[in-house]
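# I need the structure of the sequence given here:
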Amino acid sequence: MELKPAVLAVAVLCLALPRVALSQKKALAGGPAPAPAPAPRHVDLAELLSLAGPYGAFLGYLTKTGVIATLQSQANSTDGQGVTVFAPEDSAFAAIDGAALSNLTADQLRTLMLCHGMPRYYPLSSFSALAASSPVATFAGGPQQYGVNVTDAAGTIRVESGWATAKLVSSVYSTPPVAVYALNRVLLPEQIFPTAPKVAPVPAPAPAPEPVHPDKANDGAAAHGSTDAKSVSCRVGAGRLLAILATMMATSVLMI
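Below you'll find the model as predicted:
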């Protein structure tokens, strides 16, 4: 009689085991677990600057100072902030007196390059708001130390830092989390340059040739034609006068 509870427990367990096995079999029949989503492909900033246009000098300084690694790390970050890079064109570096950059220490040059990046992605549509909240922090430091002032006047965007006011001339790349914008000037913070470096003025664009209005062209042709007509008329009049004189002289000879 004492064995009955034990027998009953074994019987219940035997009935439950097939159900557990069947549920596991159904789970396996559903197929393998879905593969994890692939990691997002990050933009290679060095490759982008190398292929996008005249940014060789800027890329060279970024590589020399190690700032390219700082910018790339922020671009690859998963914090969702992104990165914005202001890339001066080669002509912007060529316009600066060579001694102004060559006399900088390694730390100063690194800080200068860090001033050309902001640790957040800013699309062009956000620059009007940036202008209202300027100065904006850069990788070099906070707004009051190494910040830049952004202005947006009727769509013309400028970035000011110390001795330089650079114009944003084009959007090189702008897809979250990376934005790269071209500048026509190198930013020159006063903390790095106590006095204004010598910078060649930005050359003015060549004036476009004045279009010739069709009416003016026709007027010119008409005036030229009128001159030619007068010349022909004078030649014809002179010929007639000579003919009359020759006739009169011939008549006089015959009468004699």
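# all helices for the protein, in order.
Shown for the chain, the helices assigned by DSSP state H span residues 4-29, 45-52, 56-65, 67-76, 90-94, 98-102, 106-114, 127-133, 143-146, 214-255.
# now do the second one, average pLDDT.
Meaning helix 45-52. Helix 45-52 carries an average pLDDT of 96.
# so what touches that helix?
For helix 45-52, the external contacting residues (C-beta atoms under 8 Å, 6 or more residues apart in numbering) are 55-56, 58-59, 62-63, 68, 71-72, 75, 85, 87, 172-173, 178, 180. C-beta: built from backbone N, CA, C; applies to glycine.
# which one of those is nearest to residue 110?
The closest of the contacts of helix 45-52 to residue 110 turns out to be residue 62 (C-beta to C-beta; 9.7 Å).
# so what's the closest one closest to, chain neighbours aside?
Of all residues not flanking residue 62 in the chain, residue 68 sits nearest, at 4.0 Å (C-beta to C-beta, 6 or more residues apart in numbering).
# residues near that neighbour, how many?
21 (other C-beta atoms under 10 Å).
# go on, residue 64?
Residue crowding around residue 64 was assessed by other C-beta under 10 Å; the count is 13.
# now do the closest residue to it other than its chain neighbours against residue 148, distance only.
In space, and not counting its chain neighbours, residue 64 is closest to residue 109: 7.5 Å by C-beta to C-beta, 6+ apart. Remark: distance between residue 109 and residue 148 (C-beta to C-beta, to the nearest Å) = 18 Å.
# of these two, which one has the most company?
The residue with more neighbours, out of residue 109 and residue 148, is residue 148; 25 against 18, by other C-beta under 10 Å.
# that one contacts residue 160, correct?
Yes. With contact defined as C-beta atoms under 8 Å, residue 148 reaches residue 160; the gap is 6.5 Å.
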